[in-house]
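Trainee: Give me a model of this one.
(one chain, ligands or ions: 1)
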Amino acid sequence: MDPLTAPLVLDAFKLYNEGKTIIQIRNYLNSKGLKSARGGVMNFNNVQHLLHNRRYIGEFKYRDVVVPDGIPAIVTKELFDSVQEKLEKNKKAPARHKAEDDYLLTTKLFCGYCGAYMCGEAGTARNGTVYHYYKCVSVKKKRTECHKKSVRKQWIEDIVVNETMRAINDDKMLDAIVSLVMDLQDRENTNLPLYEQQLYEANIAINNMLNAIQQGVLTKSTKSRLEELEANKEEIEKRIDQEKISNPKVTAEFVRFWLERFRSLDITKKEHKKILIDTFINTIYLFDEKVVIGFNYKNQTRTIQFDDLKKATDKNSSCGSDLDCSSAPSVCPQMTNSRKNLDISRFFLLF
Ligand SMILES: [Zn+2]
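Mentor: Numbers count the residues shown, from 1 in each chain. Next up, the predicted model:
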């Protein structure tokens, strides 16, 4: 339990119980400097997640195992239950936050020029059609000299979703993610790498001893030292086996299976797009001529020319195949012809 954030978590539950909205609580928590799990500002979903989180009544969950009172509680069971009841009731009420929730890139999309968030905004044309945009917050508040142009919501969301889908459908990319997950898993187990290092050192010591013996250095003490080393090595191997049995690893096959399931998502559905973005996207820096997408895993940078994206779109202009339905720039009034090459560089960040 973090003594600094625990009182804020309790406040969040109390405020909701008193009838404050999630938006109000989000603003309160942000004013107190509480950060999301990713280290960013708290958004609507973060607060909603917080209010549903059973950890705060002390429940510890690991995979399918639930341990009540497994960790220190921050919120009483009574308050938690009362909040759950209110959340359930409000779920049925018309969602006041709907507009915010609809902007899938909120909290991940940043202005490439000034680094501010780009926020969802709606505007109505003369003919009554409502357009949705992402706009640099600095431009909106006229805080700086930033001149980032607003972009159409659908256009940038399609690019991000299509790029993510492309990465997931790329077998090489998938291999890279799988091996990274396996690496991370090894690192999480603090004992195993230690034992493996010990085993490595034990093998070196034995080899050195054997070399010495080959070169004719054989005394009673070298022999007993060698036996000692062999026994030590056996002991380490035993510990490694025990460690592996008590902490079974998720297999590479399982991770691959888990990732491959994302390939069957229907990216015409908002909920599925949201799952993709929430799982894979870390940050997006948007410039007028390019966008840099940071995924939640580490790999080499790749650049895709916007012309290539457009060709793929034209080929699939019926949009029968789901993957390459990225909007051409012509549908976006902000994009002029001079910006032919929208290059999408990706850089990959660690989990
Ligand atoms: Zn800006």
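
Trainee: what's around Gly193, how many residues?
Mentor: One thing to correct before we go on: residue 193 is Pro, not Gly. Here the number of neighbours of Pro193 (other Cβ atoms under 10 Å) works out to 12. Bear in mind the C-beta positions are built from the backbone N, C-alpha and C, glycine included.

Trainee: quick one: which helix or strand includes it?
Mentor: Under the criterion of DSSP states H and E, Pro193 resides in helix 191-214.

Trainee: Let's test this: mean pLDDT of stretch 53-68, rounded?
Mentor: On average, the pLDDT along stretch 53-68 is 82.

Trainee: can you give me the end-to-end distance of it?
Mentor: End-to-end distance of stretch 53-68 (Cα to Cα, to the nearest Å): 13 Å.

Trainee: residues near Thr82, how many?
Mentor: Not Thr; residue 82 is Ser. So Ser82, with other Cβ under 10 Å, has 14 neighbours.

Trainee: tell me the phi and psi of it?
Mentor: The phi/psi pair for Ser82 (degrees, to the nearest 10) reads phi -60, psi -40.

Trainee: was I right about it contacting Tyr16?
Mentor: No: with contact defined as Cβ atoms under 8 Å, Ser82 does not count as touching Tyr16 (9.1 Å).

Trainee: ok so, going back, what helices or strands is the helix holding Pro193 leaning on?
Mentor: Judged by 3 or more Cβ pairs under 8 Å, 6 or more residues apart in numbering; DSSP states H and E, the packing partners of helix 191-214 are helix 171-188, helix 220-246.

Trainee: quick one: buried residues of the first one?
Mentor: The one in question is helix 171-188. Across helix 171-188, burial judged by 16 or more other Cβ atoms under 10 Å covers 173-174, 176-178, 180-181, 185.

Trainee: tell me the mean pLDDT over it?
Mentor: On average, helix 171-188 scores 77.

Trainee: Packing partners of the helix or strand encompassing Phe110?
Mentor: Assigned by DSSP H and E, Phe110 belongs to strand 109-111. In terms of contacts (3+ Cβ pairs under 8 Å, 6+ apart), strand 109-111 is packed against strand 118-124, helix 137-141, strand 281-286.

Trainee: The longest one pairs with which strands, and in what direction?
Mentor: Strand 118-124 has its sheet partners listed here by DSSP bridges as strand 130-136 (antiparallel).
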